[in-house]
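Undergrad: 3D model of this:
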Amino acid sequence: MALERKVNIIERKTGAQVSGIIRPARSSDKILWTHWHEKLPPDAEDAHWEWDAFIDWSLLMPERFAAYALEAAGALQGLRLLEVSEDEVDVYGTHALRVSTAPWNRPPELRYKGAGSLLVGVAILRSLEDDHEGRVHCEALAESEAFHESNGMEVFDELSDEGLKRFRFSPEAAWDFIMRLEKDGLFHAGS
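TA: The predicted structure is shown next:
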């Protein structure tokens with residue numbers, strides 16, 4: 001599906017909204033990702049992820065995978081990989097597999113605010129588009145557990161095969177999350 005959404009990220013220094021777009025990832029995003037991948041600290045949880053392969057999965061198997069890019073301020077700000085067709089999708093909704101933000105959106109720099117939340121939001125929008133009522137599930141890295149809990153996701157089921165906690169959005173919690181993004185000016189209403 002060609003889900004696209006006009007968005008804003010927030011410049012932390014000034015509080016100014018910076019216009020951008022979340023769109024399906026393209027082959028050219030692989031080059032943009034390599035520019036910030038080499039700047040990631042080697043101990044970053046996602047430093048070993050190969051976004052070039054993930055983007056290829058979405059381009060070669062769009063019935064199973066979807067990759068989205070957040071572009072704003074003339075740069076790739078983040079990437080999101082979803083599994084949209086698997087056994088658990090019918091039960092738990094869209095499977096949010098991977099999310100990464102550019103190094104300048106992480107400590108210590110923290111140039112922009114909202115990139116990670118927008119990439120969570122696109123998973124909800126895709127779930128809605130696929131008639132899964134906003135239901136999304138994921139396995140969370142330890143450093144992101146508090147983010148998921150504070151945004152209304154609930155822990156469910158047993159640990160994943162990798163020993164990670166599993167989280168999910170109910171339709172109600174997903175709707176609340178999307179409404180917060182609109183209220184905070186990150187999503188453009190009705191786009």
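
Undergrad: so what's the residue positioned nearest the centre of the chain up against?
TA: Geometric centre of the chain, nearest residue: residue 119, 2.7 Å, by Cα atoms, centre = their mean. Neighbouring residues of residue 119 by Cβ atoms under 8 Å, 6 or more residues apart in numbering: 22, 68, 70, 78, 79, 80, 99, 101. All C-beta spots, glycine's among them, are computed from the backbone N, C-alpha and C.

Undergrad: leaving aside the residues next to it on the chain, what's closest to it?
TA: Nearest residue to residue 119, sequence neighbours excluded (Cβ to Cβ, 6 or more residues apart in numbering): residue 80, at 4.2 Å.

Undergrad: starting at the chain centroid, how far to the helix or strand of the chain with the lowest mean pLDDT?
TA: Every helix and strand in the chain was compared by mean pLDDT, DSSP states H and E; the lowest is helix 89-92, with a mean of 79. Centre-to-centre, helix 89-92 and its host chain are 18 Å apart (Cα atoms, centre = their mean, to the nearest Å).

Undergrad: Next SSE downstream of it?
TA: Next along the chain after helix 89-92, taking DSSP states H and E as the criterion, comes strand 94-101.

Undergrad: same for that following strand, what does it pack against?
TA: Counting contacts by 3 or more Cβ pairs under 8 Å, 6 or more residues apart in numbering; DSSP states H and E, strand 94-101 is packed against helix 51-60, strand 75-83, helix 115-129, strand 136-140.

Undergrad: That one: partners in the sheet, and parallel or antiparallel?
TA: strand 75-83 (antiparallel), strand 136-140 (parallel) (DSSP bridges).
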